[in-house]
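In: here are the coordinates; sequence isn't available:
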């Protein structure tokens, strides 16, 4: 009897524990853990209805954090109230004719091409002009290098050392107090991907002596725009002065103005032109006996007037010129009586390749570039007979 009563008590306690465990909810599964399997109901208890499964949702960001636009879901196409997002288009570059990228051209700022109307032989003397009856005829080969290509593509390949070659033919004659000069630049070498005109620039210059070491120079120049965009014309009026500090040291400078007009083949509502103030300074070193000459120069150009500007642009573009600083150095060999050989290197700073409206399509000096020039000049003295001429080395 006692054994049977003990067994009954043990069975009753087990049943009570099972019922209590069934009423306690299971512990929620931690991150990365699997939920425990559902426990079967104890025998004799009806099965409880299954709870609806909760859908797992991604964690929502805190209210203070805004979702990036790229993370927001696009509106449903069927929702008529949802705005339709248009594909982003690249902005059109300002500047029209001066901002487009024609297939054949690359040039910056606005000013006439660089023409040096002074005589290499005159650099070694105290005068700005040749002696009366002096005639000079010569040629010069200029190689142009640049970070820009002739297609004005900032990301394209630039101009290597022998990609572009300009052959300049020039001459000058002195009547005494008046000197006349002319020059023509021919594009004898260009990249295979371009088809520019061979005649690139031409100029006429006149210089009038105002006194000892002073002169007034007027220079007119013009030529085609790159990419067959039209023509350009320009002029300069400079007051020049020259002083010898020693038989081996000379200082030379100029002050004046320059004007450039861009005549585009495409019709424009406003004329395109630019006016600049020009300041030039040179230091000349020479041997006591005329043989070698070395000169170093700086050319500053300050834009003062231009049209059209960015406040009132033409539908085809506008100009936004910047101050230009050009530096050049040259050397000449003049020991032989009637011959001059010279070498000149120039660094031209004009415009910004990232801002097309600061550039104009002119090859010679129209954009940031480096020029390496090698020239030869021959002279004749038509005022005196050969046997009566004084040697150049005796003239200062």
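Out: Thanks, I have it. Note that this is a predicted model, so its numbers are computed, not measured.
In: contacting residues around the closest residue to residue 147 other than its chain neighbours?
Out: Excluding its sequence neighbours, the residue lying closest to residue 147 (Cβ to Cβ, 6 or more residues apart in numbering) is residue 158, at 4.4 Å. Every C-beta, even on glycine, is put in place using the N, C-alpha and C of the backbone. Applying Cβ atoms under 8 Å, 6 or more residues apart in numbering to residue 158 gives the contacts 145, 146, 147, 148, 149.
In: my read: residue 328 touches residue 342, true?
Out: No. Distance between residue 328 and residue 342: 11.8 Å, which falls outside the contact criterion (Cβ atoms under 8 Å).
In: buried stuff in stretch 267-281?
Out: Residues 268, 272, 273, 274, 275, 276, 278, 280 are the ones in stretch 267-281 that count as buried (16 or more other Cβ atoms under 10 Å).
In: Out of the residues you listed, the closest to residue 209 would be?
Out: residue 280 (18.1 Å; Cβ to Cβ).
In: hey, what's the closest one bridged with?
Out: residue 254, residue 299 (DSSP bridges).
In: just residue 233 next, same as before
Out: Applying DSSP bridges, one finds that residue 233 bridges with residue 222, residue 261.
In: So it versus residue 296, what's the distance?
Out: Separation of residue 233 from residue 296 (Cβ to Cβ, to the nearest Å): 31 Å.
In: what ranges do the helices span in the stretch 101-250 of the chain?
Out: With DSSP state H, counting those that start in this stretch as the criterion, the stretch 101-250 of the chain has helices at 120-123.
In: For it, give me the ranges with low pLDDT.
Out: 101-118, 149-156 (pLDDT under 70).
In: what about residue 182, neighbour count?
Out: Counted with other Cβ atoms under 10 Å, residues neighbouring residue 182 total 15.
In: And the residue nearest to it when sequence neighbours are not counted, how close does it get to residue 178?
Out: Distance criterion Cβ to Cβ, 6+ apart; nearest residue to residue 182, sequence neighbours excluded, is residue 204 at 5.4 Å. Counting by Cβ to Cβ, the gap from residue 204 to residue 178 is 13 Å.
In: Mind giving me the packing neighbours of the helix or strand hosting residue 285?
Out: Using DSSP states H and E, residue 285 falls within strand 272-286. Applying 3 or more Cβ pairs under 8 Å, 6 or more residues apart in numbering; DSSP states H and E, one finds that strand 272-286 contacts strand 230-246, strand 249-264, strand 292-307.
In: Buried residues of the longest one, list them for me.
Out: When you say that, I think you mean strand 230-246. So, applying 16+ other Cβ under 10 Å, buried residues of strand 230-246: 230, 232, 234, 235, 236, 238, 240, 241, 242, 244.
In: and it with strand 272-286, angle?
Out: Orientation check (axes from the mean of the first three to the mean of the last three Cα atoms, to 10 degrees): strand 230-246 against strand 272-286 gives 30 degrees.
In: How about the last one?
Out: Here strand 292-307 runs at 160 degrees with respect to strand 272-286, directions being taken by the same axes, to 10 degrees.
In: now strand 292-307 against strand 249-264, angle please.
Out: Using the same axes, to 10 degrees: strand 292-307 against strand 249-264 is 40 degrees.
In: hang on, residue 217 packs against residue 238?
Out: Yes. Under the criterion of Cβ under 8 Å, residue 217 makes contact with residue 238 at 4.7 Å.
In: overlap in contacts of the two?
Out: Residues touching both residue 217 and residue 238 (Cβ under 8 Å, 6+ apart): 254, 256.
In: a markdown table please, covering the helices and strands packed on strand 272-286 and showing distance to residue 138.
Out: As requested, the helices and strands packed on strand 272-286 are arranged in a markdown table below (distance: least, Cβ to Cβ, whole Å):
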| stretch | distance to residue 138 |
| --- | --- |
| strand 230-246 | 21 |
| strand 249-264 | 20 |
| strand 292-307 | 15 |
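In: Figure out which of these is closest to residue 141.
Out: Smallest distance to residue 141 across these (Cβ to Cβ): 19.3 Å, for strand 292-307.
In: Return the list of helices and strands in contact with the closest one.
Out: Judged by 3+ Cβ pairs under 8 Å, 6+ apart, strand 292-307 is in contact with helix 120-123, strand 272-286, strand 324-333.
In: Flag every buried residue along that strand.
Out: For strand 292-307, burial by neighbour count (16+ other Cβ under 10 Å) applies to 293, 295, 297, 299, 301, 303, 306.
In: tell me the two of those residues that are most distant?
Out: Checking these with Cβ to Cβ, the most distant pair is 293 and 306, at 36.9 Å.
In: how much space between the nearest residue to residue 199 once chain neighbours are set aside and residue 165?
Out: Closest residue to residue 199 apart from its sequence neighbours, by Cβ to Cβ, 6+ apart: residue 186 at 6.1 Å. Separation of residue 186 from residue 165 (Cβ to Cβ): 9 Å.
In: ok, now residue 303?
Out: From residue 303 across to residue 165, the span is 30 Å (Cβ to Cβ).
In: Please apply the same query to residue 321.
Out: Residue 321 is 28 Å from residue 165, by Cβ to Cβ.
In: and what of residue 374?
Out: 11 Å.
In: Could you do residue 225 as well?
Out: Distance of residue 225 to residue 165, computed by Cβ to Cβ: 20 Å.
In: In terms of neighbours, single out the busier of these two.
Out: residue 225 (24 against 15).
In: Cross-check the contact I'm expecting between the more buried one and residue 232.
Out: Yes. The criterion here is Cβ under 8 Å, and residue 225 meets it with residue 232 at 5.7 Å.
In: Can you list the residue ranges for strands in this protein?
Out: Applying DSSP state E to the chain gives strands spanning 134-146, 159-174, 178-189, 199-211, 214-224, 230-246, 249-264, 272-286, 292-307, 324-333, 339-349, 369-381.
In: For those, please prepare CSV with the additional fields distance to residue 316.
Out: Converted to CSV, the strands of the chain look like this (distance: least, Cβ to Cβ, whole Å):
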stretch, distance to residue 316
strand 134-146, 25
strand 159-174, 27
strand 178-189, 26
strand 199-211, 23
strand 214-224, 18
strand 230-246, 11
strand 249-264, 7
strand 272-286, 9
strand 292-307, 13
strand 324-333, 24
strand 339-349, 26
strand 369-381, 25
